[in-house]
Every structure is written in C-alpha cells, then in structure tokens.
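*Asks:* fold the following and give me the result.
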Amino acid sequence: MFAVEVLLGDFSVKTFSPIVIAAVIGTVLSRSFLGNSPTFQVPEYALVSNTELLFYCVLGILAGLSAVMFIKTYYAIEEWFGRIEKRWKMPVWAMPAIGGLMSGVICILFPGLYGFTYEAINNAVHGNESWRNMIGIYLFKPVVAGLSIGSGGSGGMFAPAMKMGAMLGGMFGKIVHLLFPSITATSGAYALVGMGALTAGVMRAPLTVILILFEVTGQYEIVLPIMFASVTSSLIARLAYRHSMESYVLEKEGVRLGFGIALSVAENISIFDVMKTDYVNFNNSESATSMIDVFFNTPESTFLVVDNKGIFSGIISLNEMRMLLREDYLVGLIAEDITKKNVPVLYDTSKLDEALKLLEISDYDNAACS
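*Replies:* Next comes the predicted model:
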C-alpha cells in the first residue's frame with residue numbers, strides 16, 4: 001500500500017491487485033506463527049461528540065507542522081554528518097559510532113527515546129505518560145533519529161514518527177480534556193490519533209497509515225478521527241514542505257515520484273526517437289472537397305498542412321471536417337481556410353517530457369515536430 005500511495009501514485013487494478021494478494025498471504029502466514037494479538041493493547045476509544053472533530057482537525061494541523069519539523073531536523077543532521085565526514089576525512093565506521101554516542105547521551109535523560117521499546121507509546125495511549133517524558137520525546141525524537149540513522153546506522157522512520165506523534169497527541173489531549181471534559185475523550189484517544197496523524201504527515205501516506213493503525217491496534221471505533229486527522233496532517237505537511245521522508249533524497253537525485261516517474265523517464269527520451277514520420281499532409285491551396293476521400297479512407301484523425309515550400313502551416317482535424325460536411329460548408333474552401341495554425345510545435349531535439357507537458361495543457365492530441 002505504501003509503495004502504491006507514495007512511490008507509484010497509481011491505484012489501478014494492475015498495481016493494486018498484487019499488493020492485496022501479497023498482503024493477505026503475508027498476514028495469514030504471520031498470524032499463523034505469531035497469533036492475532038495487536039501490537040498495542042489499546043483501550044476502547046470512540047468519538048465522544050461531533051464537536052470533537054474540530055479538536056482532531058487542530059491536532060491534524062499540529063501533526064502536519066510537526067512532521068515537517070521531523071523531516072527537516074532529520075535531514076539537517078544527516079547532511080551535517082556528511083559535511084563532517086568530508087571535511088575531516090573521517091572513516092566510514094566512525095560516523096555511526098559518533099552518532100550512537102550522541103544518541104545515547106540524550107537517551108540517558110529520556111529513556112523513552114530508545115527505539116527497541118514501545119513502552120512510551122503504550123503509556124501515552126493509556127493516558128499514563130508524564131508531561132516531562134512527552135515533551136522530551138516529542139522534541140528529541142527527530143534529533144535522536146537523525147543522530148542514529150543519519151550518521152549511517154540502520155533503522156526506519158515509521159516507529160520514530162509514531163512515537164513522536166503519540167507524544168504530541170497525548171499532550172494535546174490532556175489540554176483539551178482539561179478544558180472541555182464533557183465533549184472530549186481522554187488523552188489516550190488523542191495520543192492514538194496523533195500517532196497516526198504525524199506518521200501520515202511524515203510519509204505523506206494517509207491511507208497506508210489508516211490501515212496500519214487499524215492493524216496494530218485492532219480498534220475501529222476511532223477510525224473516523226484517525227482518518228480526519230491523518231488526511232489533514234498530510235495536506236498541511238504537503239503545503240508547508242513539498243518533500244516527504246522518502247522523496248527528499250530521491251528528488252534531490254532528480255527522480256520524481258508518483259506520476260512524476262513517467263516524466264523522469266521521459267526526460268531521457270528524445271522526440272526524434274518516438275515521433276511519427278509517415279504522416280498525411282496537404283498543401284495550403286488544396287481544395288477542401290478533394291480532401292474528403294482522404295479523410296474517409298485513412299485511420300488518421302489529424303492531418304498536417306504545409307505551404308508550397310514544404311514548411312509546416314498547421315493541422316486539420318477529422319472532427320472539424322465532419323462538422324463542415326454536416327453544414328455543407330466545404331464548397332469553395334481550400335485547406336488554408338480550415339487550418340488550425342496555433343498548434344503545439346516541438347523540435348526533434350526536444351525531450352518527450354516537454355511533449356507530455358505541452359499536450360497536457362492544450363486541447364490537442366498531437367504535436368507537430370520540426
């Protein structure tokens with residue numbers, strides 16, 4: 001699901017079906033060995049009132065902005081390690097050691113930052129985490145992730161984003177429940193929603209996060225707030241910062257994700273390699289009536305018009321000819337009278353991505369190449 005939503009951006013049957021099949025088989029096998037217990041044992045939460053959706057919307061906005069902070073902090077630290085390595089010519093093995101040392105010092109102050117434990121998340125979704133730990137984990141989690149992974153260590157971004165989001169939601173939930181106890185759930189519900197919302201903002205994959213949160217918690221009663229906050233977070237994060245956690249490095253290398261993959265490939269294909277050369281053309285002075293047989297005896301739908309020197313003048317489309325035939329307007333007309341002259345024109349040195357962009361913003365199905 002993540003690959004479809006973030007990398008491919010294509011929800012067609014040919015891409016979605018294999019992923020569904022693989023996911024079902026993987027789930028059945030894993031549950032056969034590991035059981036059906038969810039990763040997090042979460043209390044049953046539900047939407048207390050419709051007004052509460054406003055608070056979840058605010059949480060989604062905060063999560064989106066926090067996601068941008070997470071991404072920028074992580075890559076700022078990673079790039080800092082890169083500059084240090086080049087400037088001081090440090091050996092490759094030394095960088096993870098330095099990052100690990102710095103991470104360890106911070107984790108001594110806030111043990112909940114350690115990546116091998118979900119205790120802080122469990123405490124937050126049960127409403128039992130302290131303010132000190134929530135503030136510390138929220139502020140330092142992107143720093144520790146950058147120090148440990150950005151320095152050359154191994155690991156992913158999903159769990160750190162979940163942990164940071166749970167702390168954000170827990171803090172936000174404590175405040176709104178203190179101010180509006182009768183219309184809001186306890187802080188644990190907001191920690192659960194914040195966990196999904198911030199992860200959606202970091203990954204820019206709200207659908208993936210919604211499904212994963214349902215899988216790891218087994219809770220469907222609070223799916224509506226998770227959906228609302230996750231989509232809000234993803235939108236805010238996208239407006240505030242164009243890169244996601246995964247797209248930053250790829251786009252820096254010139255690879256555009258989603259539907260941009262096609263454009264990235266097209267940038268390296270010349271128009272000369274794919275253009276059609278055996279086209280039907282008419283002279284400017286050719287009478288419209290003499291072109292009728294050609295129009296109705298060829299599979300082409302667009303025809304080129306040239307002047308006496310063979311220079312391109314414009315195009316005539318089959319739809320326009322049919323309209324003129326219905327009205328019997330062809331008598332006395334020549335090709336130049338019905339030629340469209342303001343049409344997209346490319347050169348054989350152009351790249352295919354230029355043609356795709358040009359056709360996308362115009363009403364034409366073809367572009368001339370000279």
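*Asks:* quick one: contacts for Ile106?
*Replies:* Each residue near Ile106 by Cβ atoms under 8 Å, 6 or more residues apart in numbering is listed here: Leu113, Phe140, Val143, Val144, Leu147. Where C-beta positions appear, they are placed from N, C-alpha and C, glycine not excepted.
*Asks:* now the strands: where do they sit in the stretch 251-370 of the chain?
*Replies:* 281-283, 302-306, 312-317, 345-346, 368-369 (DSSP state E, counting those that start in this stretch).
*Asks:* give me the longest helix you can find in the protein.
*Replies:* Taking DSSP state H as the assignment, the helix of the chain that covers the most residues is helix 52-88.
*Asks:* what's the following helix or strand after it?
*Replies:* helix 94-109 (DSSP states H and E).
*Asks:* pull out the buried members of the contacts of Ile106.
*Replies:* The neighbour-count test (16 or more other Cβ atoms under 10 Å) applied to those identifies Leu113, Phe140, Val143, Val144, Leu147 as buried.
*Asks:* could you export those as JSON lines, including secondary structure and pLDDT?
*Replies:* Rendered in JSON lines, the data for the buried ones among the contacts of Ile106 read as follows (DSSP: H, G, I helix; E, B strand; the rest coil; pLDDT from 0 to 100):
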{"residue": "Leu113", "secondary structure": "helix", "pLDDT": "91"}
{"residue": "Phe140", "secondary structure": "helix", "pLDDT": "96"}
{"residue": "Val143", "secondary structure": "helix", "pLDDT": "95"}
{"residue": "Val144", "secondary structure": "helix", "pLDDT": "94"}
{"residue": "Leu147", "secondary structure": "helix", "pLDDT": "93"}
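*Asks:* can I get the strands of the stretch 251-370 of the chain in JSON lines including distance to Phe296 and mean pLDDT?
*Replies:* Putting the strands of the stretch 251-370 of the chain into JSON lines (distance: least, Cβ to Cβ, whole Å; pLDDT from 0 to 100) gives the following:
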{"stretch": "strand 281-283", "distance to Phe296": "14", "mean pLDDT": "80"}
{"stretch": "strand 302-306", "distance to Phe296": "12", "mean pLDDT": "79"}
{"stretch": "strand 312-317", "distance to Phe296": "14", "mean pLDDT": "78"}
{"stretch": "strand 345-346", "distance to Phe296": "28", "mean pLDDT": "72"}
{"stretch": "strand 368-369", "distance to Phe296": "23", "mean pLDDT": "62"}
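*Asks:* which one of those lies closest to Ala161?
*Replies:* The stretch from the strands of the stretch 251-370 of the chain with the least distance to Ala161 (Cβ to Cβ) is strand 345-346; that distance is 43.6 Å.
*Asks:* chain center to stretch 138-155: distance?
*Replies:* Average the C-alpha atoms of stretch 138-155, do the same for its chain, and the two points are 23 Å apart (Cα atoms, centre = their mean, to the nearest Å).
*Asks:* repeat for stretch 116-127
*Replies:* With Cα atoms, centre = their mean as the basis, the distance from the averaged C-alpha position of stretch 116-127 to the chain average is 29 Å.
*Asks:* report the buried residues of that stretch.
*Replies:* Of the residues in stretch 116-127, Tyr118, Ala120, Ile121, Asn122, Asn123, Ala124, Val125, His126, Gly127 count as buried by neighbour count, 16+ other Cβ under 10 Å.
*Asks:* and stretch 242-250, by the same measure?
*Replies:* When burial is assessed from 16+ other Cβ under 10 Å, stretch 242-250 yields the following buried residues: His243, Ser244, Met245, Glu246, Ser247, Tyr248, Leu250.
*Asks:* same check, this time on stretch 177-187
*Replies:* Of all the residues in stretch 177-187, those buried under the rule 16+ other Cβ under 10 Å are His177, Thr184, Ala185, Thr186, Ser187.
*Asks:* restricted to helices, list the residues you listed.
*Replies:* Checking those against DSSP H, those in helices are His177, Ser187.
*Asks:* Met162: which of the buried residues of stretch 177-187 is nearest?
*Replies:* Ser187 (16.3 Å).
*Asks:* where does pLDDT dip in the stretch 251-370 of the chain?
*Replies:* Per-residue confidence of the stretch 251-370 of the chain (counting by pLDDT under 70) places the weak regions at 252-268, 272, 274, 276-277, 320, 323-332, 344, 348-349, 353, 356-370.
*Asks:* right, I mislabeled it, should have said the stretch 101-250 of the chain
*Replies:* Residues of the stretch 101-250 of the chain that meet the cut-off, pLDDT under 70, sit at 218-219, 250.
*Asks:* hey, where'd the helices end up in it?
*Replies:* Listed in chain order, the helices found in the stretch 101-250 of the chain under DSSP state H, counting those that start in this stretch are 119-125, 131-148, 158-179, 187-203, 206-217, 223-240, 247-252.
*Asks:* still on that earlier bit, could you identify the most distant pair in the buried residues of stretch 242-250?
*Replies:* Between any two of those, the greatest separation by Cβ to Cβ is 10.7 Å, found for Met245 and Leu250.
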